[in-house]
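In: would you be able to build a 3D model of this:
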Amino acid sequence: MAVYTLNPLTDQRYLVFLKQHADASIFHTPGWLEALRQTYGYEPVVYTTCPSDEELTNGIPFCRVNSWVTGRRLVSLPFSDHCEPLVDTQETLCTLLAAAAQDSIRQGGRYVEIRPLAEGGVGNLLQHNSFGKSASFYFHWIDLTPRLDDIYAAFHRTSVKQMIRRAEREGLTYYGGTSEELLAQFYHLFILTRQKHRVPPQPLSWFRNLIQCLGPNVRIRVACKDKQPVAAIITCSWESTHYHKYGSSDPRYSNLGGTALLMWKAIQDAKKQGARRFDMGRCDITNENLAKFKERWSAIRTKLQYYRNPPPKQLDSGLQSTWKGRMAEGIFARLPDKWLVLAGRMLYKHMG
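Out: Coordinates of the predicted model:
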């Protein structure tokens, strides 16, 4: 079975194929891939068994990451919670992964990584193709098919419903869109949040490029108290799924329920637009607090398993589990805002 590669940013068959495939996500789209290219310089490529003169019926998107710090690799996909291989048979999956692994070796790559969403027999199949487990996460999503009243009724009484009502009593105002003003408000809160968690923020250019490249499929939501921004989130949408991708807040106003208000607004908007699923993203398995927060929204928990070829010597168990990670966190916690932002701008392109 022959294998071909295509440029998903220029091959018009690719977007048509995505719109027809039930497993395609926002992370597969040309807009997401273009934002990765513009921000971090990653080169997107799709492996397929379909020649250029035929309709596209399968494909696995990757990004070529070339870093002088962390080396070369093929990743499907960097800074993406999941990226299901869009293939019709197990034979096709094995053929495409083998070709990607061979190309990576020829190009001096350290590894090929794949981040499937679906649970089931994929892991066993991958391990037969020299892939091994590389990292594990929890994944949460909310079923939007019930009536909106029933969705609300399933939320946790004190952690969610009470906070939404608190936001309404406090008179928090809500703004949505993609303006430069909303982006600036989000990013200011994002720096505060990342500083609290002792992690540098992604560069501002990443969010600007998402807005430019995803267009109407991305939205910033900001909650204000007396014109003071107190919480903000960024959501994305693709076909029947909406994605809660980034959240931020001012810890001084955390008791006002701003985040709960924005989440509820996003869920309401998704439901009105006919979405069937609200993707709440991944979280570290060690972060039970975040997992519980998502489950108080009646989110369903599953497991994300990433795989690499060749397999890593040890599983990635999170930054906090290593002494190097703890030391880095201590440094980041003490950096002024401008230096924390600079650190993020310098580091993230090497981390994908």
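In: next up, the contacts around residue 61.
Out: 8, 28, 33, 44, 45, 46, 76, 77, 83 (Cβ atoms under 8 Å, 6 or more residues apart in numbering). The way it works is simple: take the backbone N, C-alpha and C, and place the C-beta from them, glycine included.
In: helix, strand, or coil at the third one?
Out: It refers to residue 33. helix (DSSP: H, G, I helix; E, B strand; the rest coil).
In: please apply the same query to the first one.
Out: Here residue 8 is recorded as coil under three-state DSSP.
In: can I get the buried part of the contacts of residue 61 as one ChimeraX selection?
Out: In ChimeraX, a selection of the buried entries from the contacts of residue 61 looks like this (16 or more other Cβ atoms under 10 Å):
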select :8,28,33,44,45,46,76,77,83
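In: can I get the contacts of residue 61 in CSV including secondary structure, pLDDT and distance to residue 66?
Out: Listed next are the contacts of residue 61 as CSV, based on DSSP: H, G, I helix; E, B strand; the rest coil; pLDDT from 0 to 100; distance: Cβ to Cβ, whole Å:
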residue, secondary structure, pLDDT, distance to residue 66
8, coil, 98, 18
28, helix, 98, 22
33, helix, 98, 16
44, strand, 98, 13
45, strand, 98, 13
46, strand, 98, 18
76, strand, 96, 16
77, coil, 96, 15
83, coil, 96, 19
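In: which among the contacts of residue 61 gets closest to residue 268?
Out: Checking the contacts of residue 61 against residue 268 with Cβ to Cβ, the nearest one is residue 28 at 26.2 Å.
In: that closest one contacts residue 76, doesn't it?
Out: No. The criterion here is Cβ atoms under 8 Å, and residue 28 misses it with residue 76 at 9.5 Å.
In: identify the contacts common to the two.
Out: 61, 83.
In: pLDDT weak spots in the chain?
Out: Along the chain, segments meeting pLDDT under 70 span 119-129, 314-337, 339.
In: mind listing the helices for it?
Out: 12-20, 30-40, 90-106, 122-127, 148-153, 162-169, 180-196, 204-214, 258-272, 288-295, 323-334, 337-347 (DSSP state H).
In: which one, of those helices, ends up nearest to residue 246?
Out: helix 180-196 (6.8 Å).
In: leaving aside the residues adjacent along the chain, what's closest to residue 79?
Out: Nearest residue to residue 79 in three dimensions, chain neighbours excluded: residue 352, at 5.8 Å (Cβ to Cβ, 6 or more residues apart in numbering).
In: got the contact list for the one you found?
Out: By Cβ under 8 Å, 6+ apart, residue 352 lies in contact with 36, 40, 42, 63, 65, 75, 78, 79.
In: distance of it from residue 64?
Out: Distance, residue 352 to residue 64, by Cβ to Cβ, to the nearest Å: 10 Å.
In: hey, what's in contact with both of the two?
Out: Common neighbours of residue 352 and residue 64 (Cβ under 8 Å, 6+ apart) are residue 42.
In: neighbours of the residue nearest to residue 279 when sequence neighbours are not counted, how many?
Out: The shortest distance from residue 279 to any non-neighbouring residue, by Cβ to Cβ, 6+ apart, is to residue 243 (4.4 Å). For residue 243, the neighbour count with other Cβ atoms under 10 Å is 25.
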